[in-house]
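> Task: produce atomic coordinates for the following.
(one chain, ligands or ions: 2)
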Amino acid sequence: MQLIRGIHNIRPHHFGCVLTIGNFDGVHLGHVEVLKGLKQDAQLYGLPSTVMLFEPQPQEFFAKEKAPARLTRLRDKLVLLSKLGIDRVICVSFNAKFASQQAESFIEQVLINKLGVKALTVGDDFRFGRARQGDFTMLQRLGKVHGMHVKSTESFRRDDHRVSSTLIRQALSEGELDKAHQMLGHTYSISGRVIHGWKKGRELGFRTANIALKRQVNPVRGVFAVRATVAAVQYNGVANVGNKPTLNGTKALLEVHLFDFNQDVYGHFMQVELIKKLRNEQKFDTLEQLTAQISEDVAAAKQCFNFK
Ligand SMILES: Cc1cc2nc3c(=O)[nH]c(=O)nc-3n(C[C@H](O)[C@H](O)[C@H](O)COP(=O)(O)O)c2cc1C
Ligand SMILES: Nc1ncnc2c1ncn2[C@@H]1O[C@H](COP(=O)(O)OP(=O)(O)O)[C@@H](O)[C@H]1O
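Numbering: from 1, shown residues only. Ligands and ions are numbered 1, 2, ... in the order given. Model prediction:
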């Protein structure tokens, strides 16, 4: 899969594609349906299947820290899209200049002239351009003029709910991992590089590999049974997502204690799949109480894996 970073990196040889535009946060089953349609179009037209997404996501740009929690970081989105067989991703930097572009000029200059889009799929509620003037009707009107076929995505439903990033965030924040996984079509995971912590883990008897949660508004909190992948090897473990109030921590971290493991993994990339929520994070009066509880968490997580 080819990645084009920014509209300015679109070259003449990129002309001609079938396209879909969106955030694809979570790359959930609703997105997968859209992407299936995109791949069919790609076959039909003999052109590369192309996804245009935005970084940061528009809501993050406008609402800053009030934006909803992110389900997937860009890197994870790219891995998922690549696994789905998408040919090309255009990652557009969403900034003030882009947001203020006239909707017509986005369609004509970017979609028609630069990308040569032959078939475009967007949600029928998709709005874009200065003052959100661009919409589905405008796309269809200009599409007809320039030979770009425009169609809308249909809502993908599961158990009578429209699968959406919002519903998935809600399920995750309520600790309903199974429900979230059913809508995602894959397990929810958090990934990043292992950073140095406070070196308390070794004193407590449970070393934890830590990942910084860049955006504080992570949809999940608490203690989980997890499956972690480091250097292409999978390990079971137990993790805390929170700011360790017992130690008066302030930064949100994901801390994973891996079972049957004793290696230095600082700086390694680690992917952590959350399998089952065990409990909420707590502030303990003493470190002894915290370690006793972690021992119980380890036992509970191991039991959970034995039954899987
Ligand atoms: C399974 C597990 C559960 C945890 N639960 C809590 C908790 O409820 N409250 C808390 O303050 N810290 C909790 N922690 C975080 C520990 O305080 C933290 O891992 C320890 O202080 C080590 O920190 P360090 O990696 O920065 O050295 C938990 C850690 C693990 C691995
Ligand atoms: N079983 C294990 N689970 C997690 N990390 C481990 C384990 N064994 C060794 N390590 C290493 O120890 C580090 C964590 O030790 P810890 O004392 O908690 O320090 P820190 O505060 O830097 O996280 C991890 O980053 C990893 O490199």
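
> contacting residues around the spatially most central residue of the chain?
By C-alpha atoms, centre = their mean, the chain has its centre lying nearest to Thr72, at 1.3 Å. By C-beta atoms under 8 Å, 6 or more residues apart in numbering, Thr72 lies in contact with Phe24, Asp25, Gly26, Val27, Leu80. Where C-beta positions appear, they are placed from N, C-alpha and C, glycine not excepted.

> any idea how far it lies from ligand 1?
Note on Thr72: its distance to ligand 1, by C-beta to the nearest ligand atom, to the nearest Å, is 24 Å.

> With Gly134 instead?
With C-beta to the nearest ligand atom as the criterion, Gly134 and ligand 1 are 47 Å apart.

> My read is that Val117 contacts Gly147, right?
No: with contact defined as C-beta atoms under 8 Å, Val117 does not count as touching Gly147 (9.6 Å).

> which of these two has more neighbours?
Between Val117 and Gly147, Val117 has the larger neighbour count (other C-beta atoms under 10 Å), namely 27 against 10.

> Which strand residues bridge the more buried one?
Following DSSP bridges, Val117 is listed with bridge partners Cys17.

> now the one 5 residues further on
Here Val122 sits in beta bridges with Ser152, as judged by DSSP bridges.

> Kindly report the residues of the stretch 51-200 of the chain close to ligand 2.
Within the stretch 51-200 of the chain, the positions lying close to ligand 2 (C-beta under 6 Å from any ligand atom) are Val194, His196, Gly197, Trp198, Lys199, Lys200.

> if we go to 8 Å?
Residues of the stretch 51-200 of the chain lying near ligand 2 by C-beta under 8 Å from any ligand atom: Val194, Ile195, His196, Gly197, Trp198, Lys199, Lys200.

> Out of the residues you listed, the closest to ligand 2 would be?
Nearest to ligand 2 among these, counting by C-beta to the nearest ligand atom, is Gly197 at 2.5 Å.

> when you scan stretch 229-238, is anything in it near ligand 1?
Yes: applying C-beta under 8 Å from any ligand atom, one finds stretch 229-238 touching ligand 1 at Val238.
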